[in-house]
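Q: Structure of the sequence below:
(one chain, ligands or ions: 1)
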Amino acid sequence: MNKMFGRSGSAMATRLAPRFLGAHQSIIATLRLQRLVPGLLRNASSTTSESAASSAFEQEDRAEDADIWRVLVMEELTAKRAARLKQQQLQQANATVTEQQQRIRNFCILAHVDHGKSTLADRLLQTTKAVREDVLARQAQFLDDMDLERERGITIKLRSARMNYTDPRTGEAFILNLIDTPGHVDFGYEVSRSLAAVEGALLVVDASQGIQAQTLANVDLALKNGLEIIPVLNKIDLPGAQPEKVLQQMVDVIGIDPTLAVFASAKQGVGIDEILNRIVDFVPPPGGAETAPLQALVFDSYYDVYRGVIALIRVVNGKVRKGDRIKMMSNNKEYVVDAVGLFTPAQVEISGALGTGEVGFLSANVKSVGDAAVGDTMTTVNNSASCALPGYRKNKPVVFASMFPCDSSGDGFANLQVALSKFTLSDSSLTFEPIFSSALGNGFRCGFNGLLHMDIVQERLDREFGMDVLLSAPNVVYRVRTRSGDEHMISNPSDIDPAGIAEIQEPMAKVDIIAPQAYQGALEDLVRNRRSTMIDLQFLDGNRIRMLYRMPLSEIISDFHSNVLARTKGYGSMDFCMDGYEASELVRVDIALQSSIIDGFAFIEHVDFAASRGRALAQRLKDIIPRHMFKVAIQAKIGAKVIASESIAPFRKDVTAKCYGGDITRKQKLLKKQAAGKKRMKLVGTVSLPQEAFRKIIASD
Ligand SMILES: Nc1nc2c(ncn2[C@@H]2O[C@H](COP(=O)(O)OP(=O)(O)OP(=O)(O)O)[C@@H](O)[C@H]2O)c(=O)[nH]1
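A: Numbering: from 1, shown residues only. Predicted structure coming up:
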């Protein structure tokens, strides 16, 4: 009876599938029907089931029927899409696409932070034997090779890797070019760069967490770039994983095509073959004409001490090889190519050409990364392309802070300048220009993508260049209209002269928060104090909500993200995008130490919150600034008006007091320890300030 029932269920599904397929494109119904079919089967079974003892079998059958049904529908939809795509590919092939191009698939991996991109990349490298298993066993998250990436478990720089893959179904050989991308909101710039170089994206979603704010942002970017999206429901090995439910969410919220979805566990290697098959079947091969003049898109570049700038390129038309004379289309500077090659993922030089559709690297003795700028087009000097490829979003820093060397000797500033110049060779999203602060001396005004980026830059300067630097409180860029009618963009609060100003406008942002509904109250409480306006509230499923707000960017760059995480016990996620400028009643709050204003401490605040924030900050500084041998006076001021006043009593800390007797080595050890503690301290006038003091300026809670 069981078998009979199973077959009848399958037959019904087969009958239903074409009707359903003809009726709509969306997969929402696929999943709804998936739920409906077992129900239909259940009714049918009630007339035939004779005893309670058979119910266990029936349940098993129902599950089996639902599975068979799903497989049938999914297979049919998938096959239809594959056929359609083949057709398109054949048409393309008849036009310009070469046989070689037909075998290339360029794709990237998109995901919210920690959903498993790098782990999935490892599995793909392993399955395609691009990296030996023992190497991966020693070095998990192979593409995250920067020390900081490993320590923090995050991807900072994008990586590229080429894999050779033979489709086991057909025996056909393919070249798969993978670009791994960072997941954190601060590194969105890197994501946008990689999207311009590929045709498809694996959208990785943690099946135990579901869609997060950045999943939505990534999908948006991928759709704008016309990429084929393959959803990967990862971490299905976790006990809390609900891949079917998350897939339904993706259908409802994103309108994703679930026929392409793969249930996977990157950690355990489940679903990897299926993912590779999906890439081969659904990511379109690159277009472009090999006979056309060279057009190569620079999607990343970095500085190599031996070879100069290495440009990561995607050849869109034509081909390029060693010895070719090329020029950058933005500035017409000419170079001779001294090497082209592939990332296997090791950087391997090739003797032949990088052909149309290929992803690889090129070096041409370019001295500065600015001359091979991201987004630029390379072409050959003879037979040049008539126009450059459409550029993509140029990175614009959203957060600014002043950076000062802790070493206040003359060398400190010069060394920092050299370090920053070298640093930007590998991270062109950092901007810097020299400034002078009356309190903190010579330094640089730096632009970052966000607070995490700022943190990473500070840490890398320390590790890679031995630069101990102090950063002022970060702030956004204000648009200021003067009484004489001029407009200026001001990124340093100290440059705002209240006397001559008619209006200050601040950058606004749209914020997207996704969290379990249980935390709605806590989140509303958080945004209430941030001058926000609610745009929308959506219920994603039984227990998750999506909240959309508009608020000043300055309220987000501070500690907003960490507060969202804290108030949702880590279950919430957020993303934001810029949303123009808006006039606001803003004032500058100054902080004075020993009656001297410290320009690195100045911040811009709405008039309603300025006094309370100034007071809170003075109080916090009192707790952070170490005691000195003299009394330290702290004041918060708006213009000439003092709004808060605190003082730190004098104190002399003799750490060696306990070392009576003659133990000189112990005494030396303690003094060394104390000196290390003074690292990242800046002497301002006569007061030593720790980095922590500057950080506290941005915390609003
Ligand atoms: N249980 C389980 N854990 C996984 C799986 N895939 C990844 N992880 C774990 O999830 C964590 C994050 O994985 P990563 O691969 O670093 O995530 P990512 O998306 O690359 O993170 P970023 O580089 O920060 O954007 C790691 O601890 C992985 O071991 C999986 O399939 N199952």
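Q: For the lengthiest strand in the chain, buried residues please.
A: Across the chain, the longest stretch assigned as strand under DSSP state E is strand 501-516. Across strand 501-516, burial judged by 16 or more other C-beta atoms under 10 Å covers 501, 504-509, 511-515. Where you see a C-beta, it was placed from the backbone N, CA and C, and this is true even at glycine.
Q: same thing with stretch 300-318?
A: Of the residues in stretch 300-318, those with enough neighbours to count as buried (16+ other C-beta under 10 Å) are 300-303, 308-318.
Q: Would you confirm that Glu199 contacts Asn225?
A: No. Taking contacts as C-beta atoms under 8 Å, Glu199 lies outside contact range of Asn225: 9.0 Å.
Q: Just checking: what are the partner strands of the longest strand of the chain?
A: Strand pairing for strand 501-516, determined by DSSP bridges: strand 478-482 (antiparallel), strand 544-552 (antiparallel), strand 573-584 (antiparallel).
Q: picking that back up, ok, of the buried residues of strand 501-516, which one's closest to the ligand?
A: Nearest to the ligand among these, counting by C-beta to the nearest ligand atom, is Ile514 at 16.7 Å.
Q: residues contacting that closest one?
A: By C-beta atoms under 8 Å, 6 or more residues apart in numbering, the contact set of Ile514 is 211-213, 216, 540, 544-547, 572-574.
Q: okay, it: pLDDT?
A: On pLDDT, Ile514 comes in at 88.
Q: would you say Thr119 is within a helix?
A: Yes. Counting by DSSP: H, G, I helix; E, B strand; the rest coil, Thr119 is located in a helix.
Q: Give the closest residue to it in space, chain neighbours not counted.
A: Closest residue in space to Thr119, ignoring its immediate chain neighbours: Ala266 at 4.1 Å, by C-beta to C-beta, 6 or more residues apart in numbering.
Q: my guess is the one you found contacts Asn234, does it?
A: Yes. Counting by C-beta under 8 Å, Ala266 does reach Asn234; the two are 5.5 Å apart.
Q: overlap in contacts of these two?
A: Shared between the contact lists of Ala266 and Asn234 (criterion: C-beta under 8 Å, 6+ apart) are residues 116, 120, 204.
Q: could you list every residue that touches Gln295?
A: By C-beta under 8 Å, 6+ apart, Gln295 lies in contact with 288, 315-318, 377-379, 385, 388-389.
Q: In CSV, list those along with distance to Ile591, secondary structure and pLDDT.
A: Listed next are the contacts of Gln295 as CSV, based on distance: C-beta to C-beta, whole Å; DSSP: H, G, I helix; E, B strand; the rest coil; pLDDT from 0 to 100:
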residue, distance to Ile591, secondary structure, pLDDT
Gly288, 57, coil, 88
Val315, 54, strand, 94
Val316, 52, strand, 92
Asn317, 57, strand, 92
Gly318, 58, coil, 94
Thr377, 48, strand, 89
Met378, 49, strand, 94
Thr379, 53, strand, 94
Ala385, 55, coil, 87
Ala388, 48, coil, 81
Leu389, 48, coil, 80
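Q: what would those residues look like in TSV with distance to Leu124?
A: Formatted as TSV, the contacts of Gln295 follow (distance: C-beta to C-beta, whole Å):
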residue	distance to Leu124
Gly288	24
Val315	22
Val316	24
Asn317	28
Gly318	29
Thr377	29
Met378	28
Thr379	32
Ala385	33
Ala388	32
Leu389	28
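Q: Check those against Arg479 and report the nearest one.
A: Ala388 (30.4 Å; C-beta to C-beta).
Q: Contact partners for the closest one?
A: If you count contacts by C-beta under 8 Å, 6+ apart, then Ala388 has 295, 329-330, 376-377 around it.
Q: let's see 10 Å
A: When contacts are counted by C-beta atoms under 10 Å, 6 or more residues apart in numbering, Ala388 touches 295, 297, 328-330, 375-379.
Q: between those residues, which has the most around it?
A: Highest neighbour count within these, by other C-beta atoms under 10 Å: Met378, with 28 neighbours.
Q: from memory that residue sits against Asn317, does it?
A: No. With contact defined as C-beta atoms under 10 Å, Met378 does not count as touching Asn317 (11.0 Å).
Q: so what sits against both of the two?
A: Counting by C-beta under 10 Å, 6+ apart, the common neighbours of Met378 and Asn317 are 294-296, 385, 389.
Q: Save those residues as TSV, and put in distance to the ligand too.
A: TSV is the format used below for those (distance: C-beta to the nearest ligand atom, whole Å):
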residue	distance to the ligand
Leu294	33
Gln295	31
Ala296	27
Ala385	35
Leu389	28
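Q: filter the residues you listed to the buried ones?
A: 294-296, 385, 389.
Q: Output these in TSV, with distance to Leu362 appended to each entry.
A: Shown next, in TSV, are those (distance: C-beta to C-beta, whole Å):
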residue	distance to Leu362
Leu294	11
Gln295	13
Ala296	7
Ala385	16
Leu389	15
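Q: mean confidence for stretch 568-585?
A: 85.
Q: Pull out the buried residues from it.
A: 568, 571-576, 581, 584.
Q: what residues go with each domain of the protein?
A: 69-94, 101-282, 295-380, 399-473, 479-584, 588-699 (the TED database).
Q: Which of the ones you listed comes out lowest on mean pLDDT?
A: Among the domains of the chain, domain 69-94 scores lowest, with a mean of 55.
Q: so the closest residue to the ligand within the stretch 451-600 of the chain is in which element?
A: Nearest to the ligand, among the residues of the stretch 451-600 of the chain, is Leu452, at 10.4 Å (C-beta to the nearest ligand atom). Secondary structure from DSSP states H and E places Leu452 in helix 451-465.
Q: can you pull the buried residues of that helix?
A: Those buried within helix 451-465 under the rule 16+ other C-beta under 10 Å are 451-458, 460-461, 465.
Q: Now do the contacts for His112.
A: 183-185, 203-206, 209-218, 514, 573, 575.
Q: Filter the buried residues of strand 501-516 to keep only those in contact with the ligand.
A: With C-beta under 6 Å from any ligand atom as the criterion, the buried residues of strand 501-516 include none near the ligand.
Q: Between the residues you listed, which sits nearest Ala419?
A: Nearest to Ala419 among the buried residues of strand 501-516 is Pro507, at 29.1 Å by C-beta to C-beta.
Q: near the ligand, which residues of the stretch 251-400 of the chain?
A: Residues of the stretch 251-400 of the chain lying near the ligand by C-beta under 6 Å from any ligand atom: 265-267.
Q: Okay then, goodbye and thanks.
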